[in-house]
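Student: Sequence unavailable; structure follows:
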């Protein structure tokens, strides 16, 4: 039996109290406040319940978006119901404050059925831990949808990014750091680590969601000749978690790859996220494009959405340029069609991969950017994981933190950079990072920018490595947690220093001093396999 959602209770009470003449008044009132296309859908409703359902489906009202509903209740008028709405909002804010839920994406639109299903599955009660997996191609908005559902559900959320985590040891380190656990990863075994995590979950008495995001490296199936051993290990780990008797904990997972755990029918739910439908894509385009989006006709919007492959990421990127006036709708369509022909060749548009559509849009966006912003993006592409404003300041060679914040905000505003307000960290979407990793090639200026960025990256993470080594001698678990947050960046730091045949000197006074600090860092934070790979590259 699913938990009762306060919003659903409120909507039920409202449509039960709304009379036929109230519905007639509401239909007249909304006509001048919404587009003709939206009104066509609303005007066909025959009951208060249908009317409210359509308003919610079109994103005029939602659990955390009640401004339109307030206005409607005052105008009908149904002012007697307003105190109930105010009471609901007060309780909503209290739950959100206690749970520590992060703010929602103001530009999230559509996906009504998918969000409702995800909220419903995460809100179910059961004897055991349950798992919900959100799958789909890159750029389809899996993380955004999952965050939206978590925001609406208002449960405690542990957000754990497993991007670039390809081994079970990486997983245990990252999860343990997020949950505040102390694991002996140097001496313990897979079984020992699993037991510690199981005990933690078993003891949880608060409704909580453990959100494992970007589980791609672990679930990659491998090939017929060589399977991915880590996939099997990870699925075994999930199987152990699903046996835990705790009704409070849910596991939410996003990945491009399916779990295929049919034997856990009922305890494992997989939701496939496909391309945005045209209506949702147009709504997203207009919302992100601002006033200029409202001036675009439906044919223009439909064609741009199609040219973007119905990918939320691509639509957001193009919309920002339309909002800035850097390109007109006609120019966007022309460039998308030109690039689309090169990409599609003899294929039908539906057969082209989403990645190709997104890369076409990113290339168009990148070409239209001023030189300064191109340099900023190429410099930031050296980060292989999330990063702080302080780290970005060093890599960009900025004169002040304020200037860095303005530069990052400028990039973020163009939907090329994500920001996690809970942890105060920035991150590039995987497809944006892949695109930028090759965007500098063929340009002498940008190649030099990338090279300089790598040098600054090596210097910055050399100093950070030294600081963590010192801290680990007195506050090991605090240092280890900081390392886990930066693990992807440290892996790239190690790869860079090995491939370039140099190790930054950790501000060492001598070669012996330098190598003692290097060894301390490696021995403390890296596995034996990781150390071996480093020295093999240097050989």
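Tutor: That came in fine, so what should we check first? Computed from a prediction, not measured in an experiment: that's the story for all the values here. Numbers count the residues shown, from 1 in each chain.

Student: didn't residue 380 look like it was pressed against residue 410?
Tutor: No: Residue 380 is beyond contact range of residue 410, at 11.7 Å (criterion: CB atoms under 8 Å). Just so you know, the C-beta spots here come from the backbone N, C-alpha and C atoms, and that holds for glycine as well.

Student: Compare the two (neighbour count), which wins?
Tutor: residue 380 (25 against 15; other CB atoms under 10 Å).

Student: Where do the helices of the stretch 151-300 of the chain begin and end?
Tutor: In the stretch 151-300 of the chain, the helices defined using DSSP state H, counting those that start in this stretch lie at 168-179, 190-202, 216-219, 229-242, 278-289, 291-294, 298-307.

Student: Next, the angle from the fifth one to helix 298-307.
Tutor: Taking axes from the mean of the first three to the mean of the last three CA atoms, to 10 degrees, one finds that helix 278-289 is oriented at 100 degrees with respect to helix 298-307.

Student: Show me which residues of helix 278-289 are buried.
Tutor: 279-289 (16 or more other CB atoms under 10 Å).

Student: Same check on the fourth one?
Tutor: Buried positions in helix 229-242, judged by neighbour count with 16+ other CB under 10 Å: 230-231, 233-234, 237-238, 241-242.

Student: neighbours of residue 9, just the number please.
Tutor: 12.

Student: ok, now how distant is it from residue 281?
Tutor: According to CB to CB, to the nearest Å, residue 9 stands 32 Å off from residue 281.

Student: out of everything not next to it in sequence, what's closest to residue 410?
Tutor: Closest residue to residue 410 apart from its sequence neighbours, by CB to CB, 6 or more residues apart in numbering: residue 373 at 6.8 Å.

Student: any idea which helix or strand carries that neighbour?
Tutor: Using DSSP states H and E, the element containing residue 373 is helix 371-380.

Student: pLDDT (mean, whole number) over that helix?
Tutor: Here helix 371-380 scores 89 as its mean pLDDT.

Student: In terms of secondary structure, what does that helix contact?
Tutor: When contacts are defined as 3 or more CB pairs under 8 Å, 6 or more residues apart in numbering; DSSP states H and E, helix 371-380 sits against helix 389-396, helix 401-412, helix 430-439, helix 444-472.

Student: Residue 126: neighbour count?
Tutor: For residue 126, which is what you asked about, the neighbour count (other CB under 10 Å) is 13.

Student: Touching, it and residue 245? I think so.
Tutor: No: counting by CB under 8 Å, residue 126 sits too far from residue 245 to count as a contact (9.8 Å).

Student: And the strands in the stretch 1-150 of the chain?
Tutor: 130-135 (DSSP state E, counting those that start in this stretch).

Student: need the helices for it, in chain order.
Tutor: Ranges of helices in the stretch 1-150 of the chain, per DSSP H, counting those that start in this stretch, are 6-17, 20-31, 36-43, 48-57, 67-75, 82-99, 112-123, 142-153.

Student: So which of the ones you listed has the densest surroundings on average?
Tutor: helix 142-153 (a mean of 23; mean count of other CB atoms under 10 Å).

Student: could you give the angle of it to helix 430-439?
Tutor: Orientation check (the same axes, to 10 degrees): helix 142-153 against helix 430-439 gives 150 degrees.

Student: Could I get the average pLDDT for helix 142-153?
Tutor: Mean predicted confidence for helix 142-153 is 85.

Student: So which elements touch that helix?
Tutor: Partner elements for helix 142-153 (3+ CB pairs under 8 Å, 6+ apart): helix 112-123, strand 130-135, strand 208-213, strand 249-255.

Student: From the contact counts, what lies against the longest one?
Tutor: Other helices and strands packing on helix 112-123, by 3+ CB pairs under 8 Å, 6+ apart, are strand 130-135, helix 142-153, strand 268-272.

Student: Dump the ones you listed to a markdown table, plus distance to residue 438.
Tutor: A markdown table is the format used below for the helices and strands packed on helix 112-123 (distance: least, CB to CB, whole Å):
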| stretch | distance to residue 438 |
| --- | --- |
| strand 130-135 | 27 |
| helix 142-153 | 23 |
| strand 268-272 | 30 |
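
Student: The helices of the stretch 151-300 of the chain: which one's closest to residue 92?
Tutor: Of all the helices of the stretch 151-300 of the chain, helix 278-289 sits nearest to residue 92, with 22.8 Å by CB to CB.

Student: Helix or strand with the lowest mean pLDDT in the protein?
Tutor: helix 329-344 (a mean of 60; mean pLDDT, DSSP states H and E).

Student: How many residues are close by the closest residue to residue 381 other than its chain neighbours?
Tutor: In space, and not counting its chain neighbours, residue 381 is closest to residue 436: 3.7 Å by CB to CB, 6+ apart. A count of nearby residues for residue 436, using other CB under 10 Å, gives 22.
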